[in-house]
Every structure is written in structure tokens, then in C-alpha cells.
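Asks: predicted structure and sequence below. I'll ask about it afterward.
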Amino acid sequence: MKSLDNKKLVLAGILAGLTFVVTSFTKIPSPFVPKAYYHAGDSIIFLSAMTLGAPMAAFVAGIGSFFSDLYLGFPTFMFATLIIKGIMGYIAGKFLYSPNNTPSVMRKFLGILLSGLWMVFGYYIFEVMILGYEWRVGLIDAAANLGQVAVGGIIFIPLSYSAARFKKM
């Protein structure tokens, strides 16, 4: 059992690093919200949720995304990202992780949808309530964040078939 825990821990570290790399190097600056950006890193968050489960996916999503904000020079968003993306990973892990088999198409859809909606809501609240952005600007950014989740989900789907083999190791 202990070696399995070590394997999960090592895989979580690798996936957190991969989340950082994919997020950082697919960055598209937001034309709507100052000091915000869009990326394909959500696909790795979904992959970690399916491979590791909710608690570890929360760690992977929060830490990988947090360090992306730090590296890219977006300190305003770092701690909000840690919380928002961490909860996103946890929600995704609740739907996408199935210890003995791959999740159904419906569970994949719900995992991507509900965790994505949380992320959109979380950033909307942070930008409008904490940063003081005008609510209409927040809605435009929310629509762009929905697009980011959709792209992440589209990238994740083919990856999910390969990830099913990781769980058998």
C-alpha cells in the first residue's frame, strides 16, 4: 500500500509540473480583463482528476496553477487561483475518478461541466467583489473562461483514454 501512495505522490508532482508548463506556455492574454489570461492547463487538471482522484487533483490544480500565476507575473490572482483551481480539481476528481474503471461519458461530461462552472463563478466573484471590476467586464471574462473550460475538456477527452492505462499500473 505504501508504494502505491508513493506512486500517487510522484504522479501528482509530475502532473502539477505539467499543469504549470501547459498553463504557462499556452497563455493568451485577456483582451477583456487587465492582468488575466486564458490557457489549456485545465486539460491537465481534468487528467489529474481522472488519474488521482479528488484530494490529489485539488493539490495538482491549485499548486500548478498558483505557480503559473507567479511565473507569468500575475501575483494579484495567485492565491485566488490556488483556492479556485484547487476546488475545481476536487470537483472534477469526484466525477472523473473511478478506482477500478474509466468513468462513463456522462460522468466525464458532468465533471468537466460542474468543475468548469465553479471556476467561472469563482473568478467572476473574485474579479467583481475583490478586485472591483465592473460586473459587465466580469461577465465577458466569464464567457471567455467558459471557452477555456471547453477547450480544456476537448483536449482532455483523447487524453482520458491514455490515462486509463495509468490507473492499471
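Replies: Nice, I can see it.
Asks: contacts only, for the spatially closest residue to residue 127 that is not a sequence neighbour.
Replies: Taking C-beta to C-beta, 6 or more residues apart in numbering as the measure, residue 127 lies nearest to residue 133, with 4.5 Å between them; neighbours along the chain are not counted. (Each C-beta comes from the backbone N, C-alpha and C, glycine too.) With contacts taken as C-beta atoms under 8 Å, 6 or more residues apart in numbering, residue 133 has the following neighbours: 33, 127, 141.
Asks: looks like the first one contacts residue 143 (just checking).
Replies: No: with contact defined as C-beta atoms under 8 Å, residue 33 and residue 143 do not form a contacting pair (11.4 Å).
Asks: the more surrounded of those two?
Replies: Regarding residue 33 and residue 143, a neighbour count based on other C-beta atoms under 10 Å identifies residue 33 as having more, with 20 against 11.
Asks: how many residues are close by residue 44?
Replies: Other residues near residue 44 come to 28 when the count uses other C-beta under 10 Å.
Asks: can you tell me the SS state at it?
Replies: With DSSP: H, G, I helix; E, B strand; the rest coil as the basis, residue 44 sits in helix.
Asks: what's the spacing between the closest residue to it other than its chain neighbours and residue 70?
Replies: With sequence-adjacent residues excluded and distances taken as C-beta to C-beta, 6+ apart, residue 44 is closest to residue 19, at 4.4 Å. When distances are taken as C-beta to C-beta, to the nearest Å, residue 19 and residue 70 turn out to be 13 Å apart.
Asks: quick one: the helices in this protein, in order.
Replies: Secondary structure of the chain (DSSP state H): helices located at 2-25, 42-52, 54-72, 78-96, 105-125, 135-166.
Asks: residue 67 touches residue 21, doesn't it?
Replies: No: with the criterion set as C-beta under 8 Å, residue 67 and residue 21 do not qualify as a contacting pair; they are 10.0 Å apart.
Asks: which one's more surrounded, these two?
Replies: Relative neighbour count places residue 67 above the other of residue 67 and residue 21, with 19 against 15, counting by other C-beta under 10 Å.
Asks: ok, the residue lying closest to the more buried one once chain neighbours are set aside - contacts?
Replies: Distances taken as C-beta to C-beta, 6+ apart place residue 20 nearest to residue 67, at 5.0 Å, with adjacent residues excluded. Contact criterion C-beta under 8 Å, 6+ apart gives 41, 64-65, 67-68, 71 as the residues in contact with residue 20.
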